[in-house]
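Undergrad: Let me see the structure of the following:
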Amino acid sequence: MDVQHDEVGIEQGVALPKTPTGIDGLDALTFGGLPTGRPTLMCGSAGCGKTLFGMTFLVNGARRFGEPGVFMSFEERARDLSVNVASLGYDVDALVAAGKLVVDHVHIERAEIEHSGEYDLEGLFVRLNHAIDSVGAKRVVLDTIEALFAGLEDTAILRAELRRLFAWLKDKGVTAIITGERGEGQLTRYGIEEYVSDCVLLLDNRVIDQVTTRRLRVVKYRGSAHGTNEYPFLIDGEGISVLPITSAGLAHPVSHEAVSTGVPGLDAMLGIKGFFRGSSILLSGLAGTGKSTFGAAFVDAACRRGERCLFFAFEESPGQIVRNMDSVGIKLRTHLDSGLLQFEAARPSLYGFEMHLARMNRDIERFKPSVVVVDPISAFRGPSMEIHATLIRLADILKSQGITTMFTSLSTANDQMSEGERSVSSLMDTWISLSDMEANGERNRVLYLLKSRGMNHSKQLREYRLTDHGVEMIDAYVGPHGVLTGTARVVQEARERDADLARQQAVERRRRELARKRAAIEREVAEKMSLLEAEEQEIATMLEQDEAREQSITDDRVRMARLRGDST
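TA: Presented below is the predicted three-dimensional model:
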């Protein structure tokens, strides 16, 4: 048999025909849907959503797959069903009027069965067959099997009739969901349904720490591989959403594209001038350090590029975030109006961890953002293992879709990592720490890049300010006693400017003194040179005079000698 691998890492045979339910998460974990032409048992306690699952199966079949359906109820009247599922956006009456759906209520009188002791499904088969043929139904839901067999005490007859019902549905070739109540010590009340069904889905509705979480598990699926874990699912005004994750794969797509942080100074600290697209970023810091502002700047930059952004807020309402960001010059309202930005806000206590995860997965699938901000993950309270598992799943969902995500987390003042930071720090590609530095009676904000995988990055502490035009990074300044911020930085800079000025003035004085000395020496040299020249001139004159005298004496001697010669 040919096999293939799916996103949850389970091998699946491809031969068994499947009928999609239209519930994406459920179809993913069953590798295509429910077995075509076979009955599926959906069991669970009261309030876990069996009826809604069944109606969603039929409505999606009629709307999306062109397969009419029949809903046969043994408890609720057709009108009550129509009103109840309207909260999910299902217009059952319109589908009935269009001939795409039949909703039939069959009343079972338990007293008559107990009185006569007879039980025969022939009447039900006739009625169900007529409903199926009237619309050409491909899908059938029977809700619930306990009501159908109410009052039947004979176990042998019960087992025979159950097998007969399941066999009739198979022979009819319809894909059926049969709902059943959870039994004591077994999946169903009678225990036989789970054995004669080709597929069994178990729904659960748990309350832990006063928080309700719905979960689904595929107990068995004949002829097909399937996800075997428990999966949280969500029922709200937008329908049913199942989160189909059984294992965390590490085959995420990788991009070399840089995505701006929205803060030019922070971009400059990163080797590629931003984050890698599809990476996960943790932004941790004390209260008031501007975590939400950095997140908003990140969103603003993405929306300016024309990318869709989804902002999950767990502490502030969307209106409050928009108002607060206006004060720092980040206009999120513009992006909301353009449809590029969407807020999803809820208190962490509204759902359990897995329900939050299912809700966020549904929102991501529907909005298809390029950028996501989760602000903050530290708002979640509970067992660290559950927080860790939830955040790992969320990070894997986002990475698998190439979504660049920024998680913010509130740090403690005692330098200890918060629960949220411990849970996800090793999963993050980039970790930015925001903190306060106290000096001279004031606190100043500083930023430090703890890590950024796959790129070189700044190792310096950097001061930053929240201004009326966003986040402004201040150039790194390291004084003689370490990094200085705020007024301490201003004072030290003033001192250094004064020292530089004093040094310049001292050098200038030395230069002037040197010039004066040079001028004095040059004057002195000039004077001495003048005296020397005068003396040289005097000597030269004396030599000339001596030579003149010597010449005169010589001339006189010659003349006298001539005179003496003449006289003889």
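Undergrad: tell me the strands in the stretch 51-200 of the chain, going along the chain?
TA: 69-73, 101-105, 139-143, 175-181, 199-208 (DSSP state E, counting those that start in this stretch).
Undergrad: Same check on the stretch 251-400 of the chain?
TA: For the stretch 251-400 of the chain, applying DSSP E, counting those that start in this stretch gives strands covering 258-259, 275-276, 280-285, 309-313, 341-345, 371-375.
Undergrad: so how far is L266 from the residue lying closest to G306 once chain neighbours are set aside?
TA: With sequence-adjacent residues excluded and distances taken as CB to CB, 6 or more residues apart in numbering, G306 is closest to L340, at 7.1 Å. (Each C-beta comes from the backbone N, C-alpha and C, glycine too.) L340 sits 22 Å away from L266 when distances are taken as CB to CB, to the nearest Å.
Undergrad: again, but for D429
TA: 15 Å.
Undergrad: Let me see the contact set for D436.
TA: L286, G288, T289, R443, N444, R445, V446 (CB atoms under 8 Å, 6 or more residues apart in numbering).
Undergrad: Ramachandran coordinates for the last one?
TA: What that stands for is V446. Dihedral angles of V446 (phi, psi; degrees, to the nearest 10) stand at phi -130, psi 150.
Undergrad: Over to I403?
TA: According to degrees, to the nearest 10, I403 has phi -90, psi 130.
Undergrad: and the nearest residue to it once chain neighbours are set aside, what does it touch?
TA: Nearest non-adjacent residue to I403, counting by CB to CB, 6+ apart: V372, 5.4 Å away. Residues near V372 by CB under 8 Å, 6+ apart: C309, L310, F311, F312, I364, L398, I403, T404, T405, M406.
Undergrad: now do 7 Å
TA: Residues near V372 by CB atoms under 7 Å, 6 or more residues apart in numbering: L310, L398, I403, T405.
Undergrad: out of those residues, which are buried?
TA: Taking 16 or more other CB atoms under 10 Å as the criterion, what is buried in the contacts of V372 is L310, L398, I403, T405.
Undergrad: Lowest-confidence entry in those?
TA: Among the buried ones among the contacts of V372, L398 carries the lowest pLDDT, at 90.
Undergrad: Hmm, T405 and that residue touching each other?
TA: Yes: using CB atoms under 7 Å, L398 is in contact with T405, at 4.6 Å.
Undergrad: what about the closest residue to G173 other than its chain neighbours, how many neighbours?
TA: Of all residues not flanking G173 in the chain, G37 sits nearest, at 4.8 Å (CB to CB, 6+ apart). By other CB atoms under 10 Å, the residues close to G37 number 17.
Undergrad: now do S327
TA: 10.
Undergrad: can you check G32 too?
TA: For G32, using other CB under 10 Å, the count is 19.
Undergrad: tell me the secondary structure for it?
TA: Under DSSP: H, G, I helix; E, B strand; the rest coil, G32 falls in the coil class.
Undergrad: Next up, the contacts around it.
TA: K18, P20.
Undergrad: just L201 next, same as before
TA: T40, M42, L216, V218.
Undergrad: Which pLDDT value goes with the closest residue to the second one other than its chain neighbours?
TA: The spatially closest residue to M42, leaving aside those adjacent along the chain, is L201, at 4.7 Å (CB to CB, 6+ apart). Here, the pLDDT recorded for L201 equals 90.
Undergrad: Can you give me the separation between L201 and G319?
TA: 41 Å.
Undergrad: likewise H107?
TA: 51 Å.
Undergrad: next one: G136
TA: 50 Å.
Undergrad: any idea how far the helix or strand harbouring Q545 is from the chain center?
TA: Taking DSSP states H and E as the criterion, Q545 maps to helix 486-567. Averaging C-alpha positions (CA atoms, centre = their mean, to the nearest Å) puts helix 486-567 84 Å from its chain's average.
Undergrad: Which other helices and strands does it contact?
TA: strand 442-452 (3 or more CB pairs under 7 Å, 6 or more residues apart in numbering; DSSP states H and E).
Undergrad: The same query, at a cut-off of 10 Å, please.
TA: strand 430-439, strand 442-452, strand 462-467, strand 478-479 (3 or more CB pairs under 10 Å, 6 or more residues apart in numbering; DSSP states H and E).
Undergrad: the inter-axis angle of that helix versus strand 442-452?
TA: 90 degrees (axes from the mean of the first three to the mean of the last three CA atoms, to 10 degrees).
Undergrad: between helix 486-567 and strand 462-467, how many degrees?
TA: 120 degrees.
Undergrad: What mean pLDDT does helix 486-567 get?
TA: Mean predicted confidence for helix 486-567 is 83.
Undergrad: Let me know the distance separating the nearest residue to E161 once chain neighbours are set aside from R163.
TA: Spatial nearest neighbour of E161, excluding adjacent residues (CB to CB, 6+ apart): L121 at 5.7 Å. As judged by CB to CB, L121 and R163 stand 11 Å apart.
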